[in-house]
Structures are given as structure tokens and as C-alpha cells.
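Peer 1: From the sequence below, what's the structure:
(one chain, ligands or ions: 2)
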Amino acid sequence: MTANLLDFDLEGLAAFCERLGEKRFRATQLFRWIHQRGAGDFAEMTDLAKSLREKLATSARIQGLTVLTQQESADGTIKWLFDVGAGDAVEAVFIPEDDRGTLCVSSQAGCAVGCRFCSTGHQGFSRNLSTGEIVAQLWFAEHFLRKHLGTGERVISNVVMMGMGEPLQNYANLVPALRTMLDDHGYGLSRRRVTVSTSGVVPMMDRLGADCPVALAVSLHAPHDELRDNLVPLNRKYPIAELLDACNRYLEHAPRDFITFEYCMLDGVNDQPEHARQLVDLVKRHAGRGVSCKLNLIPFNPFPQSGLTRSPHSQVLAFAKILGDAGIVTTVRKTRGDDIDAACGQLAGDVKDRTQVGDRIARQRTVMLKPVPATAGAKETRE
Ligand code: SAH
Ligand code: SF4
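Peer 2: Residues are numbered from 1 along each chain as shown. Ligands and ions are numbered 1, 2, ... in the order given. Predicted coordinates:
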């Protein structure tokens, strides 16, 4: 099998060129052809020596992903479903805004974490994506959009690893993909415009801080362990106090940055004023100094099997006000692309569950909905 050049960051490509008996600097030319110009065929690379092009044609390939479907939302959001073989398909979403173009990228076919409110989690887990499969989503989207929009200019200014999967459970393949996104000869995205979102894989947060400290979003969703254990099962392994310690260690690598805490607003589950006050205490007082952070409240995007509902807008605003009044910068995420199921947590692709994760969540649902403390009572008074 020939090497897929999308699997390599620039360093990896330089090593590959050396193995072919070529000078390392050839890798820069090749890398620019692939990522900056979107070349998918060595014959296009006219400034490379013919002998090198022939060598590449026999030992390497540039293999993107097959697009199964493309859907465009009324708000301009575009969602692609990509075939990754063996019955698995993953999704990527382009979200245009006035001042930026964001691509939401998948890191795994499915996800093994099994969060209650996430459609990907309910599907279970099939496998990690390779570096090439992660990069191919950006490679395709960037060059497709340039043609589609008829501009020679860069279209995607931001990447968020918020598609299907838990990126920090696919660390080895994630990091070269991030490096390709950041590389000036690749996509040239600045460190702060590439965001890794994690449900809290603590040891890998430490490694990411040391290896490639991009912007970090942490999916918090609850102000105390009892509730978070239920919503994000990984919390039983890495509870909130350990997670926040890891956030502070991460910020030591990028002292002027902040962590974005994501908080999915679930009606009657985690959206009460009391939860907001607990959250303020947590992020301001943790370890005596708090965590430098912003809060991003995400209206829950429903999907059939979840058994959960979105918090009313008034409840989200009341929650945001408590945080804001306490001096915590808080935003409410605009829901984009929900008419094509492209909003957060709605990405489901098509995944063969090769684990029992999907079944396990389905079985747990009834257990989950009963014993959430501090909300059942509050919900009664509200209704
Ligand atoms: N696995 C990573 C990244 C992918 S999920 C993580 O969990 O952070 C990206 C974001 O979408 C996370 O913050 C996740 O909590 C949120 N999300 C998942 N399901 C959702 C839903 N149904 N509605 C709204 N947000 C959701
Ligand atoms: Fe996995 Fe993230 Fe979905 Fe949780 S929210 S199941 S970690 S993709």
C-alpha cells in the first residue's frame, strides 16, 4: 500500500522524502501543493522534477474522502457526510459568519464516551479516524468552498474539533492533523483559531498543552460530580476537581489564554439558578484561585432517542445573567444548521457500533432521568 500524504505533517513528509532519497526541502513544496493549492494529483505539480513526480506516483497517493451527501442549510451552513469505509461515515460542518468561516471536524467514527445528551454518543463507537481522514475533511472543504464561492482566498479561518468523536481519545492521530492546520506551509491557522473540544481526558490535556497548545474547550455541563457523572460518564474517571486542575496546568502553557467551558442547557436537569450559582463558585474558587475561563451555554439540540428537552430561552438567559453578574464572560451559542441536523450534538453520521456503548446508554436512560438532585424539586416549583 502506498503512503497517503494527507497522513503526514510537514515533519513527517520531510522524513518520507528522505526515505525516497530526496532532499527534505522538497517536502515543503509538496506540502504547499497539497494543502495550499488543493492538488490531488502529482502530475499537477509542474515545478517538481519529473523524476520526483514519477517516484511519487509509484510510492505515494493523496487520498481524500468520498462525499456521500452534502446538505446546505437556510442559514448557509453546509454539512458533508464522508464515507470512511466498512459501513462508517462521518460528518463535517462549515459555518459561515460575517467575520470568519468555521469548519467543525470529526475525530472518530462514533464516540466511546457516551454522553447522555449527544447523538454521536448514542451511536456508540466504531474506530479512530487516521490523521489523513481528519485532515481530508479540511482539505476537501477548503478547496471545495474556494471553487464554490469563486474566491481564490482562504475560506476557512477557524477549525473546531467538535464534530463526531472525542479528539483526545485519538491523540496520536490528532496532533499531526493539528500541526498541518497550524503550519504556515499548510493551512496557516493561528493557534487560537484551532479549538480542541474535550469531555475531559485529563492525561491527554496535559500532553496537548506540552505538544501543541491550541485553544481548549472543555465540555463541563454540570457544576458538581453527582450530576456530571450522569451526563458525562468519563467524569467517574476524571472528576471535576481533577479536570479543573488540568485546565489550570494547560493554561501554564498559554498564560494569556482562557478555557472555554461548554455547558449544554438541559431542561430541568442542569439549568436551574442553583446550578448557575454552584458553577460560579466552582470556576471562581477552584483551588483557591479559580480557572481563567469563558462560559459558552449551548441550547440542547434534541434528537429522538435522548429523552431530554431544551431549556426554555428565558431559563438560558436567567442562567447567563447569574454568571455574567458574577463577572464571568458568558455567551449563548447560536444554533446553526439545525434544519439539516448539523447543530452541536446532532451529528450522527453512520456508524457501526463495534462496542456496547450505544446499548449501554439506551439501557441507562430511565435510571438517569430519576435521581438528579436539586432539579426535580426545582422543576416542580417552576411548572
Ligand atoms: N467530544 C468532544 C467534542 C465533540 S462534541 C466533547 O464532548 O467536547 C462538541 C460539543 O457539542 C460538546 O461541547 C458537546 O457537549 C456538545 N453537544 C453534544 N451533544 C449536544 C446536543 N445534543 N446539543 C447541544 N450540544 C451538544
Ligand atoms: Fe463523545 Fe463529545 Fe458526544 Fe460526549 S459529547 S459522546 S464526548 S462526542
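
Peer 1: now residue 89, nearest residue through space, not along the chain?
Peer 2: residue 350 (4.1 Å; CB to CB, 6 or more residues apart in numbering). C-betas here are computed from N, CA, C, even on glycine.

Peer 1: so where's the longest strand in this structure?
Peer 2: strand 89-97 (DSSP state E).

Peer 1: Quick one: list the elements packing against the next helix or strand after that strand.
Peer 2: Counting by DSSP states H and E, the element after strand 89-97 in chain order, helix or strand, is strand 100-104. Here strand 100-104 touches strand 89-97, helix 131-149, strand 158-161, going by 3 or more CB pairs under 8 Å, 6 or more residues apart in numbering; DSSP states H and E.

Peer 1: Mind checking if the next helix or strand after strand 100-104 is in reach of ligand 2?
Peer 2: Sequence order places strand 108-110 as the next helix or strand after strand 100-104, per DSSP H and E. No. If you take CB under 6 Å from any ligand atom as the test, strand 108-110 misses ligand 2, and the best it gets is 7.9 Å.

Peer 1: and strand 108-110, anywhere near ligand 1?
Peer 2: No. Shown here: strand 108-110 not in contact with ligand 1 (CB under 6 Å from any ligand atom), separated by at least 8.4 Å.

Peer 1: For that strand, the averaged confidence score.
Peer 2: Averaging pLDDT along strand 108-110 yields 96.

Peer 1: Below-threshold pLDDT in the chain: ranges please.
Peer 2: 356-383 (pLDDT under 70).

Peer 1: Tell me which residues touch the residue of it at minimum distance from ligand 1, please.
Peer 2: As assessed by CB to the nearest ligand atom, ligand 1 sits closest to residue 345 within the chain, at 1.8 Å. By CB atoms under 8 Å, 6 or more residues apart in numbering, the contact set of residue 345 is 117, 118, 119, 120, 264, 298, 300, 301, 303.

Peer 1: The residue nearest to residue 89 contacts residue 84, doesn't it?
Peer 2: No. If you go by CB atoms under 8 Å, residue 350 and residue 84 don't touch, sitting 9.6 Å apart.

Peer 1: neighbour count winner among the two?
Peer 2: Neighbour count, other CB atoms under 10 Å: between residue 350 and residue 84, residue 84 has more, with 23 against 17.

Peer 1: Would you list the phi and psi of the more buried one?
Peer 2: For residue 84, the backbone dihedrals (degrees, to the nearest 10) come out as phi -120, psi 20.

Peer 1: where's it relative to residue 28, distance?
Peer 2: 29 Å (CB to CB, to the nearest Å).

Peer 1: now swap in residue 73 and tell me
Peer 2: Counting by CB to CB, the gap from residue 73 to residue 28 is 38 Å.

Peer 1: Tell me where the stretch 201-350 of the chain has helices.
Peer 2: 202-211, 225-231, 240-253, 273-285, 313-325 (DSSP state H, counting those that start in this stretch).

Peer 1: And the ones you listed: which comes nearest ligand 2?
Peer 2: Nearest to ligand 2 among those is helix 225-231 (8.9 Å), distances taken as CB to the nearest ligand atom.

Peer 1: buried ones in the closest one?
Peer 2: 227, 228, 230, 231 (16 or more other CB atoms under 10 Å).

Peer 1: can you check stretch 62-75 too?
Peer 2: Neighbour-count burial for stretch 62-75, counted by 16+ other CB under 10 Å, picks out 62, 63, 64, 65, 71, 73, 75.

Peer 1: So what does whatever residue of the stretch 151-300 of the chain ends up closest to ligand 2 have for phi and psi?
Peer 2: The stretch 151-300 of the chain approaches ligand 2 most closely through residue 199 (3.7 Å), counting by CB to the nearest ligand atom. When quoted as degrees, to the nearest 10, the phi and psi of residue 199 stand at phi -80, psi 0.

Peer 1: what number of residues lie near it?
Peer 2: When neighbours are defined as other CB under 10 Å, residue 199 has 27 of them.

Peer 1: That one touches residue 113, doesn't it?
Peer 2: Yes. With contact defined as CB under 8 Å, residue 199 counts as touching residue 113 (5.1 Å).

Peer 1: can you list residues touching both of those two?
Peer 2: Common contact partners of residue 199 and residue 113 (CB under 8 Å, 6+ apart): 166, 232, 234.

Peer 1: ok so, going back, need the helices and strands packed on strand 100-104 in CSV (columns: mean neighbour count and distance to residue 186).
Peer 2: As requested, those are arranged in CSV below (neighbours: other CB atoms under 10 Å; distance: least, CB to CB, whole Å):
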stretch, mean neighbour count, distance to residue 186
strand 89-97, 24, 17
helix 131-149, 21, 9
strand 158-161, 24, 11
